[in-house]
Structures are given as structure tokens and as C-alpha cells.
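Asks: just coords:
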């Protein structure tokens, strides 16, 4: 399994970005895909997760602003981020888990991408 993020960049507060994660090596087995983020000096935190049948979970800090989705035909995971705030500045990672629940616990994810930087200026 390989994951590769793209779509990060710099945006002003209130703006939007869409992150993409190309995923290879998926099988017909159940899985979850998720976005995590890590800001300098802070722990990695779960942002949003989705199972292969569409169940989702979101961190309270992003509910109503971020939307996770997947295009199974293109094997791509997305994170639409709206109303971005300076607190959203972080490196964003996508990850894959073999669990069939949309968990936001990083220890339950075995495969990780290299990350894409998101910077929000106020």
C-alpha cells in the first residue's frame, strides 16, 4: 500500500483548499482511510476518517468546515477544507487502516503518506 498526498499550500484565513491522496494497493477487504495533521511542537491528531462503505468521522475542531470523501474508481481520498483558520496550519497526512470503523486514532493506521503542508495566514 502506498499513499501520496497533494494539494497543500498557503491560503488566507477564511479560504479553502482541497487535499488529495492517491492510494495504491487497495484490495476488496474492508479498510478505513483518514487524514491526520501535525503542527510544530504538537501531537499528531486525527482530522477525518472514512470507511470503504462511506461511514465518516470528524474531529470536533473541523466539523462543519471539512469534508472527507473518496473516489473509489480513481483510488483517491479527498479532504475539502473550508473556512480555514490559522489553527489549521499543519502538515497533513493521509493514512490507511485495516479496521472497518472510521477511527481517528493514529496507532490504528499502518500505512502513511509523506504529508503535504497547509499554511493559513491571518
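Replies: That came in fine, so what should we check first? Note that the coordinates shown come from a computational prediction; the quantities given were computed from them, not determined experimentally.

Asks: look up the residues forming beta bridges with residue 76.
Replies: Counting by DSSP bridges, residue 76 forms beta bridges with residue 22, residue 71.

Asks: I meant to write residue 48 there.
Replies: residue 35, residue 58.

Asks: now do residue 67
Replies: When assigned by DSSP bridges, residue 67 has beta-bridge partners residue 80.

Asks: that one reaches residue 77, doesn't it?
Replies: No: applying C-beta atoms under 8 Å, one finds residue 67 not in contact with residue 77, separated by 11.7 Å. Any C-beta I mention is one placed from the backbone N, CA and C, and that applies to glycine too.

Asks: so for the two, which residue has more residues nearby?
Replies: More crowded of residue 67 and residue 77, by other C-beta atoms under 10 Å: residue 77, with 27 against 16.

Asks: for the more buried one, report the pLDDT, please.
Replies: At residue 77, the pLDDT value in this model is 97.

Asks: what's the nearest residue to it if we skip its chain neighbours?
Replies: residue 21 (4.1 Å; C-beta to C-beta, 6 or more residues apart in numbering).

Asks: contacts only, for that neighbour.
Replies: Shown in contact with residue 21 (C-beta atoms under 8 Å, 6 or more residues apart in numbering): 3-6, 33, 35, 76-79, 94, 113.
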